[in-house]
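No sequence on hand, only this structure:
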């Protein structure tokens, strides 16, 4: 048998799995299977705990790529200081629930139509290149609007222990730090409404010490760039990078330690940042643990020495759990038989989906209680990069239902 990750503490218990006050079976009876259920009460609790841990000077932004479901955004938007988007489609969703003054738009390859939509609405563009800056300036001039422009910085360091490194190397993301001051001076001289820096060094790190180190380095870098540019940044987006424990042996980030260290770093920040605001930008840390993907067992079969639970859901809805979303070594997400929480895990099974590919395996030889056709399998940590990051059209099985509970 192979290990799997820890079930989030919000769902530990005996008997029936309960999500936002209803059993998994009740949710499936209401909306069918496969199904994502997102418990907004968990999001509220996590954000309240984070807000208490962070210094008052630091806002919390939600990166909506983690979960762009409109009903989810409607519930989350009032709980955070800003929304960060990465496409024109996400911009439209964000504008439906948040004032443009609290929306920022990052990502390479923004089309002119997307730049124009952001400028016209009054959202902040996080520029990924000098060329993008020139296009934004030209569009602003044509519209008769001073565009709100920040510079995304490609830092000369990375976030240690991150699952996806975004700094310390050549990158399509952001402007190399050495070229940033010149670009800032150009933007200000051209009449742009310069909004500051976006500095993102990596994501999905569980190394608390590394996050603390990176945030301190980010504050120092922002101060150096501001000094060299001769301009105080209105906002320094410190990026995010907070991971969540997906796999066996993973432990949560100590947000109290991170908050204390960040508070110390901001209290002693250089004078050029005295009037600057700060923000951290999080996606999966906010949304990931609130979601559960539910699917029914359709068939149970034995082949060779392996038992398979074949379900009506699979990688077409929850690609990340299959190990095919950027994971180098496939490891098991936490899963459970929803009607037998806390029961003895007395057999080794592989949980697979209905797709005609051997990649459609959501749990590989894990220990579970005995399950039969009709039972519900729960896949946890499904609130971020689940439905929207999976190939729902593959083989024509269709999309899963999604429910926002407790809003």
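It's in. Nothing here was measured: the structure is a model prediction, and the numbers come from that model.

Three-state assignment for the residue lying closest to residue 33 once chain neighbours are set aside, please.
Spatial nearest neighbour of residue 33, excluding adjacent residues (Cβ to Cβ, 6 or more residues apart in numbering): residue 296 at 4.5 Å. C-betas here are computed from N, CA, C, even on glycine. Three-state call for residue 296 (DSSP: H, G, I helix; E, B strand; the rest coil): strand.

what about residue 296, neighbour count?
Here the number of neighbours of residue 296 (other Cβ atoms under 10 Å) works out to 19.

mind listing what it touches?
28, 33, 34, 311, 312, 313, 373, 374, 375, 376, 377 (Cβ atoms under 8 Å, 6 or more residues apart in numbering).

For the fifth one, give its distance to residue 297.
Residue 312 sits 8 Å away from residue 297 when distances are taken as Cβ to Cβ, to the nearest Å.

Please apply the same query to the fourth one.
If you measure residue 311 against residue 297 using Cβ to Cβ, the figure is 6 Å.

what residues do these two have in common as contacts?
Common neighbours of residue 311 and residue 297 (Cβ under 8 Å, 6+ apart) are residue 377.

more crowded one of the two?
When residue 311 and residue 297 are compared for neighbours, residue 311 comes out ahead with 27 against 21, by other Cβ under 10 Å.

related to what we said a few turns ago, so the residue nearest to residue 33 bridges to which residues?
residue 376 (DSSP bridges).

swap in the one 4 residues further on?
Counting by DSSP bridges, residue 300 forms beta bridges with residue 309.

What ranges in this protein fall below the confidence cut-off?
In the predicted model of the chain, residues 157-172, 326-329 satisfy pLDDT under 70.

same thing but at 80, please
156-173, 201-203, 326-329, 407 (pLDDT under 80).

Find the residue at the geometric middle of it.
Nearest residue to the geometric centre of the chain (Cα atoms, centre = their mean): residue 283, 2.6 Å.

Give me the neighbour count for the residue nearest to that one when sequence neighbours are not counted.
Spatial nearest neighbour of residue 283, excluding adjacent residues (Cβ to Cβ, 6+ apart): residue 66 at 3.1 Å. Neighbour count for residue 66, taken as other Cβ under 10 Å: 23.

for stretch 137-157, the distance to its chain's centre please.
Relative to the centre of its chain, stretch 137-157 is centred 24 Å away, using Cα atoms, centre = their mean, to the nearest Å.

To clarify, my last question referred to stretch 187-202.
On Cα atoms, centre = their mean, the centre of stretch 187-202 falls 23 Å from the chain's centre.

cool, and stretch 281-289?
Counting by Cα atoms, centre = their mean, stretch 281-289 is centred 5 Å from the centre of its parent chain.

what does that stretch contact?
8, 10, 38, 42-43, 46-47, 50, 60-67, 72, 76, 80, 84, 198, 200, 203-204, 237-240, 242-244, 253, 380-385.

change it to 7 Å
Stretch 281-289 is contacted from outside by 8, 10, 42-43, 46-47, 60-63, 65-67, 84, 204, 237, 239-240, 242, 244, 381, 383-385, using Cβ atoms under 7 Å, 6 or more residues apart in numbering.
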